[in-house]
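S.K.: turn this into a model:
(one chain, ligands or ions: 1)
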Amino acid sequence: MDTFAVIHEGTHTHGDHVPRTTLQALEQTIAQRWEVLQRPSDGSKPSWTARLLGNPELLCKKIREEVGELCQTLEANEGRERVASEMADLLYHAMVLLNLQGMEMEEVLRVLRNRFTQSGIEEKASRPPKPQ
Ligand SMILES: N=c1c2ncn([C@@H]3O[C@H](COP(=O)(O)OP(=O)(O)OP(=O)(O)O)[C@@H](O)[C@H]3O)c2ncn1[C@@H]1O[C@H](COP(=O)(O)O)[C@@H](O)[C@H]1O
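M.R.: Residues are numbered from 1 along each chain as shown. Predicted coordinates for the structure are as follows:
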């Protein structure tokens, strides 16, 4: 199955449900936390996402930490479980940043899809020269 078929497969409906992909479900949870944050405190459970949304400095600190921890899994050969865990941490924190920018993952995924037909080296070579 090619990449497009795999993406399409993920959007199939099963019964009455329109299944959401993992990233979409997480995105929705993050958006809900943002909405809760807009209301005066309603006594809901403490939320890490809400804390990050309310503190961009903390969010960026965590993202930088998670990047380092993901690289460490490679450098120290920590094994696939640690790689998956650190990659999940990074994706989640990056998605909180995306929400703060009022953006959705679809915008990012579209950029990735548009790159399918071009090599990274060709793309870089085709960029206009940077102003001195
Ligand atoms: N996917 C995540 C997720 N990944 C990581 N984290 C939290 O991110 C924090 C990272 O902090 P730390 O640096 O202390 O953790 P760490 O880097 O794993 O730890 P060390 O390696 O530094 O010891 C922890 O509190 C994790 O629980 C997450 N918190 C929330 N989510 C998702 O967001 C949903 C809503 O969560 P709340 O907003 O907390 O309700 C959850 O149900 C999840 O789906």
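
S.K.: contact residues of the chain facing the ligand?
M.R.: Within the chain, the residues that sit near the ligand (Cβ under 6 Å from any ligand atom) are 26, 29, 33, 47-50, 89, 92. The C-beta positions use only the backbone N, C-alpha and C, and glycine is treated the same way.

S.K.: pipe the residues you listed into a markdown table and attach neighbour count per row.
M.R.: Listed next are these as a markdown table, based on neighbours: other Cβ atoms under 10 Å:
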| residue | neighbour count |
| --- | --- |
| L26 | 18 |
| T29 | 14 |
| R33 | 20 |
| S47 | 16 |
| W48 | 12 |
| T49 | 22 |
| A50 | 18 |
| D89 | 17 |
| Y92 | 19 |
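
S.K.: show me the helices in the chain, by range?
M.R.: For the chain, the helices defined by DSSP state H cover 3-9, 22-38, 48-53, 56-75, 80-100, 105-114, 120-125.

S.K.: any chance of those in JSON lines, with mean pLDDT and distance to P131 too?
M.R.: Formatted as JSON lines, these follow (pLDDT from 0 to 100; distance: least, Cβ to Cβ, whole Å):
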{"stretch": "helix 3-9", "mean pLDDT": "42", "distance to P131": "36"}
{"stretch": "helix 22-38", "mean pLDDT": "92", "distance to P131": "36"}
{"stretch": "helix 48-53", "mean pLDDT": "96", "distance to P131": "35"}
{"stretch": "helix 56-75", "mean pLDDT": "98", "distance to P131": "27"}
{"stretch": "helix 80-100", "mean pLDDT": "98", "distance to P131": "28"}
{"stretch": "helix 105-114", "mean pLDDT": "92", "distance to P131": "24"}
{"stretch": "helix 120-125", "mean pLDDT": "83", "distance to P131": "17"}
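
S.K.: all set now, cheers.
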